[in-house]
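Trainee: quick one: sequence and predicted model below, then my questions.
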Amino acid sequence: MDSRLAQFAALNQKDKAPAYLSLVSEILARQDQSLTALDLHTLVETVVQDAGIVVGRQVLSELVRNLGTGSISDHNLRKRVVEETLNTLQPRIVSYEEQVISLRFQLADLLETEEEWSEAARVLMGISSRSLPDEEKFRVNIRIVRLLLEDEDSVQAETYYNRAASLSNSTSDRETQLQFKLCQARISDYARKFLEAAMRYHELSWLAEIDEEERKEMLSAAVTCAVLAPAGPNRSRVLASLYRDERSADLPSYNILSKMFLDHILRPAEIRTFEERLRPHQLAKIAISSNDQLASTIDDDESAEPSTSTRRGPSTVLDRAVMEHNLLASSKIYNNITFRGLGALLDLAPGAAETMARKMIEQGRLKGSIDQVDKLIWFDAAREEDDAQGKAGGLGDLEPTNEDTGAPFTKRWDLQIRMTAANVETIVQHLAEKGLVQQPTVTA
């Protein structure tokens with residue numbers, strides 16, 4: 001090899017390129033590839049140092065093209081050749097930028113095949129973006145985000161997602177846009193913006209361009225994020241959308257979705273089953289602030305009973321979501337509840353239960369008030385009813401009359417009786433229209 005390279009060095013400049021190109025083809029065509037990596041490394045170093053930029057670019061472009069088309073079938077050998085060639089060219093990237101970029105894409109492909117996600121991402125991070133058009137920059141950034149998220153590196157992934165977002169209008173390619181939308185959903189998921197993530201996943205689950213199995217996975221991810229989202233009116237709307245999606249009934253998490261939508265109390269056994277399907281970032285521990293810790297110790301002198309919980313707050317994202325849901329569900333059952341009673345329901349110390357209720361009331365996610373003298377939480381009776389309620393078939397909206405009974409709970413009881421009667425009337429009319437029941441005939 002050294003003697004042939006010395007002969008090539010003595011050739012005229014116009015004859016060097018064909019000579020080096022023929023040597024590249026000869027090395028790659030060998031049956032015995034034991035010396036292929038060493039010979040190619042020697043050839044690349046010689047071409048870079050002695051052949052000149054014009055000849056060097058011709059020879060290296062041909063070598064890179066052959067490596068990309070699979071001239072070396074052995075995975076490990078090809079990876080070694082690509083890495084060594086890249087290391088040789090990297091200090092001279094100004095002269096061989098196109099070849100370096102192509103080699104980096106090839107090395108990233110090889111590392112991705114080995115499921116070395118972070119290493120593949122770092123290889124792509126080394127590509128100089130100034131030489132790429134905006135559309136290609138967008139694709140590279142999206143690919144980096146996807147690779148980093150495979151290794152749960154959401155912090156660095158968000159940085160490259162923000163770079164991609166500024167270039168999102170640079171392409172009209174549908175596949176690239178779908179990959180970007182999926183990255184949006186996953187970044188929101190990892191950043192614990194579960195409500196936003198649930199909406200994005202659900203939107204993607206309807207797109208026909210995506211494989212049916214992947215759409216089912218996205219629907220499942222939407223349900224998971226909706227369950228983990230903070231309890232309140234916004235989450236209720238997302239839960240309603242998912243609950244009414246006919247495909248949700250086939251998901252393993254449908255049971256917990258239906259219970260949350262219907263405002264049922266969740267039990268520990270149901271939570272444990274759901275928890276087994278969560279990803280590591282969805283089981284992240286959450287810290288309790290010093291103010292919340294202080295507030296949760298207020299009733300310690302009165303909560304010495306063995307049955308009283310001593311927990312100062314939720315320990316995980318799922319823990320918090322379930323506690324907030326159970327608190328919201330209890331507001332649909334009770335008119336009021338003591339701090340200790342709520343603590344027993346949520347498995348929290350009475351002071352911690354009060355703190356959670358206070359936060360939800362402050363944020364507008366729970367309607368009610370707190371009586372710290374009597375240690376009671378009063379839930380607002382004026383709840384928003386479903387649009388379908390309060391209407392008797394064909395009679396329009398039911399407008400309750402204002403009766404001065406002198407007692408707000410009597411008014412509420414009367415309203416519930418009216419609404420129940422109206423709903424029964426609606427059901428009977430629907431059954432009659434379908435011929436399932438007969439209307440009674442009145443004889444004079």
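Mentor: Ah, there it is. Nothing here was measured: the structure is a model prediction, and the numbers come from that model. Numbering: from 1, shown residues only.
Trainee: residues touching residue 267, list them.
Mentor: Residues near residue 267 by CB atoms under 8 Å, 6 or more residues apart in numbering: none. Any C-beta I mention is one placed from the backbone N, CA and C, and that applies to glycine too.
Trainee: quick one, phi/psi of it?
Mentor: Dihedral pair for residue 267: phi -100, psi 160, per degrees, to the nearest 10.
Trainee: quick one: low-confidence residue ranges for the stretch 301-444 of the chain.
Mentor: The model of the stretch 301-444 of the chain has pLDDT under 70 over residues 301-309, 381-409, 438-444.
Trainee: in stretch 168-188, what counts as buried?
Mentor: Residues 170-171, 176, 179-188 are the ones in stretch 168-188 that count as buried (16 or more other CB atoms under 10 Å).
Trainee: quick check: buried residues in the particular helix or strand that has residue 412 in it?
Mentor: Assigned by DSSP states H and E, residue 412 falls within helix 408-433. For helix 408-433, a neighbour-count test (16+ other CB under 10 Å) marks 411, 415, 418-419, 422-423, 426, 429 as buried.
Trainee: so how far is that helix off the chain centroid?
Mentor: Here helix 408-433 shows a centroid-to-chain-centroid distance of 42 Å under the convention CA atoms, centre = their mean, to the nearest Å.
Trainee: over to stretch 71-90?
Mentor: The answer for stretch 71-90 is 35 Å, by CA atoms, centre = their mean.
Trainee: who are the packing partners of the helix holding residue 412?
Mentor: strand 391-392 (3 or more CB pairs under 8 Å, 6 or more residues apart in numbering; DSSP states H and E).
Trainee: helix, strand or coil: sort out the closest residue to residue 184 other than its chain neighbours for me.
Mentor: Using CB to CB, 6 or more residues apart in numbering and skipping residues adjacent in sequence, the residue nearest residue 184 is residue 200, 5.6 Å away. Using DSSP: H, G, I helix; E, B strand; the rest coil, the structure places residue 200 in helix.
Trainee: neighbours around residue 200, how many?
Mentor: 24 (other CB atoms under 10 Å).
Trainee: and if you look at the one 10 residues further on?
Mentor: Other residues within reach of residue 210, judged by other CB under 10 Å, total 16.
Trainee: contacting residues for the residue nearest to residue 184?
Mentor: 181, 184-185, 188.
Trainee: how close does it sit to residue 178?
Mentor: 12 Å (CB to CB, to the nearest Å).
Trainee: and residue 334, what element?
Mentor: Applying DSSP H and E, one finds residue 334 in no helix or strand.
Trainee: look up phi and psi at it.
Mentor: According to degrees, to the nearest 10, residue 334 has phi -110, psi 150.
Trainee: so it sits against residue 379, correct?
Mentor: Yes. Applying CB atoms under 8 Å, one finds residue 334 in contact with residue 379, separated by 6.5 Å.
Trainee: looking at those two, which is more packed in?
Mentor: Neighbours were counted for residue 334 and for residue 379 using other CB under 10 Å; residue 379 has more, 21 against 15.
Trainee: how near is that one to residue 340?
Mentor: Residue 379 sits 16 Å away from residue 340, going by CB to CB.
Trainee: same check, this time on residue 74
Mentor: Taking CB to CB, one finds residue 74 at 70 Å from residue 340.
Trainee: and the two? Which one has more around it.
Mentor: Using other CB under 10 Å, the more surrounded residue of residue 74 and residue 340 is residue 340, with 21 against 12.
Trainee: what helix or strand is the more buried one on?
Mentor: helix 339-346.
Trainee: now do that helix: which elements does it pack against?
Mentor: Applying 3+ CB pairs under 8 Å, 6+ apart, one finds that helix 339-346 contacts helix 317-331, helix 350-362, strand 376-379.
Trainee: the longest one packs against which elements?
Mentor: Just to be clear, that refers to helix 317-331. Secondary-structure packing of helix 317-331 (3+ CB pairs under 8 Å, 6+ apart): helix 212-228, helix 268-275, helix 339-346, helix 350-362.
Trainee: over to the shortest one?
Mentor: Counting by 3+ CB pairs under 8 Å, 6+ apart, the packing neighbours recorded for strand 376-379 are strand 336-338, helix 339-346, strand 368-371.
Trainee: understood, closing this out.
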